[in-house]
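# pasting the sequence and the predicted coordinates here, then a few questions.
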Amino acid sequence: MFFSFMLLFSRQGKLRLQKWYVPLSDKEKKKITRELVQTVLARKPKMCSFLEWRDLKIVYKRYASLYFCCAIEDQDNELITLEIIHRYVELLDKYFGSVCELDIIFNFEKAYFILDEFLLGGEAQETSKKNVLKAIEQADLLQEEKILKVYIN
Amino acid sequence: MPAVSKGDGMRGLAVFISDIRNCKSKEAEIKRINKELANIRSKFKGDKALDGYSKKKYVCKLLFIFLLGHDIDFGHMEAVNLLSSNKYTEKQIGYLFISVLVNSNSELIRLINNAIKNDLSSRNPTFMCLALHCIANVGSREMAEAFASEIPRILVAGDTMDSVKQSAALCLLRLYKTSPDLVLMGEWTSRVVHLLNDQHMGVVTAAISLITCLSQKNPDEFKTCVSLAVSRLSRIVSSASTDLQDYTYYFVPAPWLSCKLLRLLQCYPPPEDGAVKGRLVECLETILNKAQEPPKSKKVQHSNAKNAILFEAISLIIHYDSEPNLLVRACNQLGQFLQHRETNLRYLALESMCTLASSEFSHEAVKTHIETVINALKTERDVSVRQRAADLLYAMCDRSNAKQIVAEMLSYLETADYSIREEMVLKVAILAEKYAVDYSWYVDTILNLIRIAGDYVSEEVWYRVIQIVINRDDVQGYAAKTVFEALQAPACHENMVKVGGYILGEFGNLIAGDPRSSPLVQFNLLHSKFHLCSVPTRALLLSAYIKFINLFPETKATIQEVLRCDSQIRNSDVELQQRAVEYLKLSSIASTDVLATVLEEMPPFPERESSILAKLKKKKGPGAVSVTELEDSKREGGELNGGGDRGPDTSAMSASNAVSRHSVTSNLSYVFQSTPSPSADLLGIRSSAPAGTAPASAGNLLVDVFSEAGPAAPSAAVNDDGFLRFVCKNNGVLFENQLLQIGIKSEYRQNLGRMYLFYGNKTSVQFASFTTSVSCPGELQSHILSLNVQTKQVEPLVEGGAQIQQVLNIECLTDFSDAPLLNIKFRYGGALQNLTLKLPVTINKFFQPTEMSSHDFFQRWKQLSQPQQEAQKIFKANHSMDTEVLKAKLLGLGTALLDNVDPNPENYVCAGVIQTKGQQVGCLLRLEPNAQAQMYRLTLRCSKDSVSRRLCELLAEQF
C-alpha cells in the first residue's frame, strides 16, 4: 500500500497540503500538482474514484470543499486506499472537532503532524484512531514552558 | 480565524495567513509575501539573538510561504537550530521544515544528522519518533549512511517502545528503498520476521510493510514469514468484529493489516506445508463467504473495507493460480459487482476479471459475462470504466468470440474518447490478426479500422496488413477488391490511400478483368487522391504508378504523362522529384524484361512477431501484455502468415531478440523511402533480393518507430545525453545501447586535438556496412569552418564481440558553439542502424591555463567590463557541492584554478586562454557557491562575447 504522494486541494484548485514520499524536484512536484488538480477537478461526481495516471494509480475523494488525492502503485489496493483517506479525515475531524478547510489552512503544521503519525514513508504506520490521537495529544501537552531535559539521562 | 486553535497558537502566523487570504490579487499576495520575507530576513540577520518562539514562528512562516509555491532560499540554518531546542514544539517545527525543504545534498545534512543522532540516543520516545519521522521523510543517502546500522538495532531492541518500533520499521523501509546496499541483513532480520507475532497490532501493521519489501528482494531469507502471516491472517479473519477493538474499522476487523498480509503472501508461491496451505485456503474461503453476508452497516466505509480484503484475496488466488474452485468462485463474485450501483466496484471488478481471464481455470467463467461487459463498454458514463471494459473484452477474447468482440470494439471506436482510440485500434488489429480464421474477415476488419479511426491507425497497423496480404496468396484478390471499393468513398483517410496504393500496385492485376476496375480506372482512382496527400504518401503512390506500368503496359502513356508534368518532375520536394525523374527514365529506357525484373512482386516477408503487439506492449509498459499472450500471438501469427511451411529456420528468427523486429519494416519501407543515391532506390524496388542487399540508408525513418531502447536512433534526433558529461573530462564511454558501445579517449594541445573512438560490437553477430562520418553543424550555412576534423574510414565489418578504433584529428580554426556530429550506420542482422551523436568537442578543450596574481586578475576583470563580454548564470546545484569535486571539475575544464585571488575563500576563480588557429581568447571565470541555498552564481568574462556565452551555457550544466 505504498503511497507516492498525497495532495489536498480545494475546489478552486488551491493546494492545502502536499506530502511526497518519493524524491522529486520542486519543478516536477509543481508540474504533477498542476496536472492532477486539473484532471481531478474536471471529473464529475458520479465517476469512479480511481484513475490511471502515468504509471501510477490515483485514488481521490471529495470531502466538502476539499479533495484528498493519493497516488499509489499499480498493484496496490484502491479500496483500502480510499479508507486510508477516510481515516485521515476522521483523525482531522476528531482533532479539530468537525474539521473544515480553514482549520487545515491555519493549522497546516498540525495537519502534517497528524499525517506523519498515521502514514510514514508512504505506508500506514498506525491505523488505530485512538493511538494516533493519543500521540498527537501527548505532543500538545508538551507545551512551551515544559522543559524536556528531564527525559535525557 | 478558526474557532479551534489547538496546541500553541502562533498569533503572528495566524495574522500573516489571514493577510494572505485577504489579498485580492496574485500581485498583492506576492507583495505581502515579499514584505514578510524582508522582515524575516532582517530578524534573522539582526544583532539581537532571537528567542526560540520567534525563531519557530518565522520558520513556520517561511514554510507556509514555501507551501504556497514560492521559493525560499534562507532560514535553513535557523530551522536546524530549532532541532536542538529542548522545547518539543520548536523541535517539531524544525523537523517539519527540514522534512519539507531540505534536499539531500545540502551542506547542512551533517548538522541535521547530528541533531538526529542526539534525539535517537535521548531515550525519550517522543524525540526518537520525531527523529525517525525526519529520516523517513528525507530518506537521503547521507542519512542512510549515518543511520542504516543504528535503526535495525532500535527496531529489535527489547526495551523499545511500541510507537518507536513502528516508526523505526517504516524508517528502515524508506532507507532500504533509497539505499538497499547500505541496509545490511543480519541477526536482526530473523527477529523482524517475528514482529508478525507482536501483541501490538500497530507494530505488526508497520513491520509488515518492511517485511514485504525485504521478502521481495530476499525471498529465501524471509521464507518463515509465510506461516506466520497465515496464522496471523487466520486469527484476524476468524475474529468477531469487536475483538480487535480500535483496529476494527466499521465492523471489519483490521482491514489494513489483512490486506497487507494477503499482499505479503503474494511474494511467495503457495505454501508447501499442507497444514499451512489448508489453513490459508480456509481463510480465503472465509473471506469470500463474508463478502456475501448481508452488510453490518450501510456505510460505504464498511463495504469498502470488506471488499478491499476481498479484492486482495482474489489477487492472491489469481497469483497462486492453482485452486480452480476458488478461481471460479472469485469470478462469480466479481460478476455480481459488474452491475453494482457503485462505480468504484464496477471498475475494480472489470480490472480484476482481466487477470482472471488469463487463467485457464477461470477463462471460461469470465467469458460468461461477455454481454454485461459489452454493455458496460456502451453505457458506462466514466471513460476510465469503459477503458477497463475494453481491456477485459480484449483479455477474454478467443477464437470462439473474436468476431463478436472485434465487431463490438469497432462499433465502440466510432464514438470512443480520443484518449483511448489509439490503444483500441491496436487491440482490434491484434485480435483480428490473432484470431483470423479467414483472411477476408481480417482484411475487412483492418480496412474498417482505417475507415473509422484512420488518424489513430499507426504505421505498424497498416504495415502489418500489407505484410499479411503479401504473404497470403488466397487473400490478395479479395484485398485488392475491397481496398478498391473503400477508395471509392469521396473522403477517405490517407492511411487508406497508402494501403490502397501498395495493394493495387502489387495486386491490381487480380481485379483488372472487371471493367469497373480496369487498370485505368484504378489508376485514376488512386491519382484522384494524390494531391490531397502528404509527401510520404505521394512518394508511395509514385512507386505504385511505376508498378502499374509494369502490370498494365496500357497505362504507360498516361502515367508517363503524369510523371512528366512539372508538378512532379520539378517538385520542390527532392524525394518526389527524384522518384518522378527516375521512374520516368526507367519506364522509357528499360525493356519489358528489365522492367518486369526490377518491378517484380514483393517477396513474402520473413516471419516475425507482430510489430503491433510490440507497440501495444511498449505503450502499456511491461506486464500489460503477458508473456503467454506474446507467445500465443507468435504461434497464431505463424499460422496466419503461412509460417508453418517455413521450417525451423523461421522460428529461430522469430525467437531472436527484439531488435530483429526492425527488419520487417525496413523490408517494407524501402519501396517507399528512396535514398539520395539513385541507384540505391532502384535496387530497393527490385526487392526480390534478400533483405541484406537493401540500400544502405533506406528505411531509417521508419525503423525508429519500432525502436525500444533506441538501437536505431533516428538520424534527426541527436543523442546528446553523453555529451555534457565530457565537458570536464576527456575519456569515458560516450554511448551505449544493446548493440554498440562507443568509448572515447582524447588529448588536446594548443588548437589541436586528437580523439580516439572505440566502437565495440556487444552482440555475437557481425555488423556489416559499418560506416561513420563526422560533420560540423553550421558549416553548410555559413561556409566558415570553425573546426577541421580529419579521419580515415573504418573497416566496414565489425565482428561480434570485436572492437575497432578510429582516430580523429581536430583543428580549431575559430571559436564555435555547436559540436560536431558523428553519424554511424551499420547493418545488424539485416536491419539498418543509424545513429547520430554529438562528439564532445567543446570550446574549452582548447584552453591553455594561465596563472596570475590577484592583482592581475582583477585588473583584467575590470578591463573586460563591457556588458556583452560578460555572461552570468545563477542556477541550482545538480551535483555534490563538495570542494574537491568542484576543484577537479574546474581543473578538468582546462583553466588554471587560482588560489588566494578572490577575497571570499568559498569562491573559485579560474583563468585561461582559448587557442584557435586565428586568434587567442582570454577568459576569466568566477564561480560563487551558496551552500545554504544550494545555488551557484557563475560569471564569465572573455575577450570575445560568443565565447563567454558558450562557456556559460556549457558550465551551467556541470555543477
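That came in fine, so what should we check first? Remember, it's a predicted structure, so these values are computed and weren't measured experimentally.

# where does chain A have low pLDDT?
A:1, A:143-153 (pLDDT under 70).

# longest helix anywhere in it?
Longest helix in chain A by number of residues (criterion: DSSP state H): helix A:78-96.

# buried residues, it. List them.
Using 16 or more other Cβ atoms under 10 Å in any protein chain shown as the test for burial, helix A:78-96 gives A:78-92, A:94-96. To be clear about C-beta, it is placed using only N, CA and C from the backbone, and glycine gets the same treatment.

# equivalent analysis for stretch B:847-860, please.
If you call a residue buried by 16+ other Cβ under 10 Å, then stretch B:847-860 has these buried ones: B:847-848, B:850, B:852, B:857-858, B:860.

# which residues are contacting that stretch?
Outside of stretch B:847-860, the residues within contact range by Cβ atoms under 8 Å, 6 or more residues apart in numbering or on different chains are B:750, B:893-896, B:898, B:900-901, B:909, B:911-915, B:922-924.

# span of it from start to end?
With Cα to Cα, to the nearest Å as the measure, stretch B:847-860 spans 17 Å from end to end.

# work out the gap between it and the centre of the chain.
Centroid separation between stretch B:847-860 and its chain, computed with Cα atoms, centre = their mean, to the nearest Å, is 47 Å.

# now do the helices in chain A.
Remark: helices assigned in chain A by DSSP H are A:26-41, A:78-96, A:101-106, A:108-118, A:129-141.

# between the ones you listed, which gets nearest to chain B?
helix A:78-96 (3.7 Å; Cβ to the nearest Cβ).

# now do the closest one: which elements does it pack against?
In terms of contacts (3 or more Cβ pairs under 8 Å, 6 or more residues apart in numbering or on different chains; DSSP states H and E), helix A:78-96 is packed against strand A:56-63, strand A:66-72, helix A:101-106, helix A:108-118, helix A:129-141, helix B:255-265, helix B:300-320, helix B:343-356.

# what number of residues lie near residue 123?
Because you didn't say which chain, this covers chain A. When neighbours are defined as other Cβ atoms under 10 Å in any protein chain shown, residue A:123 has 24 of them.

# can you look at chain B instead?
Residues near residue B:123, counting by other Cβ under 10 Å, number 15.

# same thing with residue A:74?
With other Cβ under 10 Å as criterion, residue A:74 counts 11.

# test my guess that it contacts residue A:54.
No - Residue A:74 is beyond contact range of residue A:54, at 10.4 Å (criterion: Cβ atoms under 8 Å).

# partners of the spatially most central residue of chain A in the sheet?
Centroid-nearest residue in chain A: residue A:6, 5.2 Å away (criterion: Cα atoms, centre = their mean). With DSSP bridges as the criterion, residue A:6 is bridged to residue A:19, residue A:70.

# show me what contacts it?
Taking Cβ under 8 Å, 6+ apart, one finds A:17-19, A:21, A:68-71, A:115, A:119 in contact with residue A:6.

# adding neighbour count and distance to residue B:275, write those residues out as JSON lines.
JSON lines is the format used below for the contacts of residue A:6 (neighbours: other Cβ atoms under 10 Å in any protein chain shown; distance: Cβ to Cβ, whole Å):
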{"residue": "A:17", "neighbour count": "18", "distance to residue B:275": "48"}
{"residue": "A:18", "neighbour count": "19", "distance to residue B:275": "48"}
{"residue": "A:19", "neighbour count": "20", "distance to residue B:275": "43"}
{"residue": "A:21", "neighbour count": "21", "distance to residue B:275": "39"}
{"residue": "A:68", "neighbour count": "23", "distance to residue B:275": "43"}
{"residue": "A:69", "neighbour count": "23", "distance to residue B:275": "44"}
{"residue": "A:70", "neighbour count": "26", "distance to residue B:275": "39"}
{"residue": "A:71", "neighbour count": "25", "distance to residue B:275": "40"}
{"residue": "A:115", "neighbour count": "18", "distance to residue B:275": "42"}
{"residue": "A:119", "neighbour count": "25", "distance to residue B:275": "36"}
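
# residue B:16: which of those is nearest?
The shortest gap between residue B:16 and any of these belongs to residue A:17, at 17.9 Å (Cβ to Cβ).

# quick one, what contacts the spatially closest residue to the closest one that is not a sequence neighbour?
Nearest non-adjacent residue to residue A:17, counting by Cβ to Cβ, 6 or more residues apart in numbering or on different chains: residue A:8, 4.0 Å away. Contact analysis of residue A:8 by Cβ under 8 Å, 6+ apart lists A:15-18, A:66-69, A:104, A:111.

# same thing with residue B:242?
By Cβ under 8 Å, 6+ apart, residue B:242 lies in contact with residue B:248.

# then it would be within a helix, right?
No - assigned with DSSP: H, G, I helix; E, B strand; the rest coil, residue B:242 falls outside any helix and is coil.

# show the pLDDT at it.
In this prediction, residue B:242 carries a pLDDT score of 72.

# tell me the spacing between it and chain A.
Relative to chain A, residue B:242 is positioned 14 Å away (Cβ to the nearest Cβ, to the nearest Å).

# how many residues are close by the residue of the stretch 751-900 of chain B found nearest chain A?
Proximity of the stretch 751-900 of chain B to chain A (Cβ to the nearest Cβ) peaks at residue B:876, 8.5 Å away. Look at residue B:876: counted by other Cβ under 10 Å, it has 14 neighbours.

# how about it, phi and psi?
Here is the backbone geometry of residue B:876 (degrees, to the nearest 10): phi -80, psi 140.

# so it makes contact with residue B:937?
No - contact criterion Cβ under 8 Å: residue B:876 and residue B:937 do not qualify, at 11.3 Å.

# coming back round to it: now do the contacts for the residue of the stretch 751-900 of chain B closest to chain A.
Contacts for residue B:876 (Cβ under 8 Å, 6+ apart) come out as B:934-936.

# pretty sure residue B:86 sits in a strand.
No - looking at residue B:86 with three-state DSSP, it is coil, so not inside a strand.
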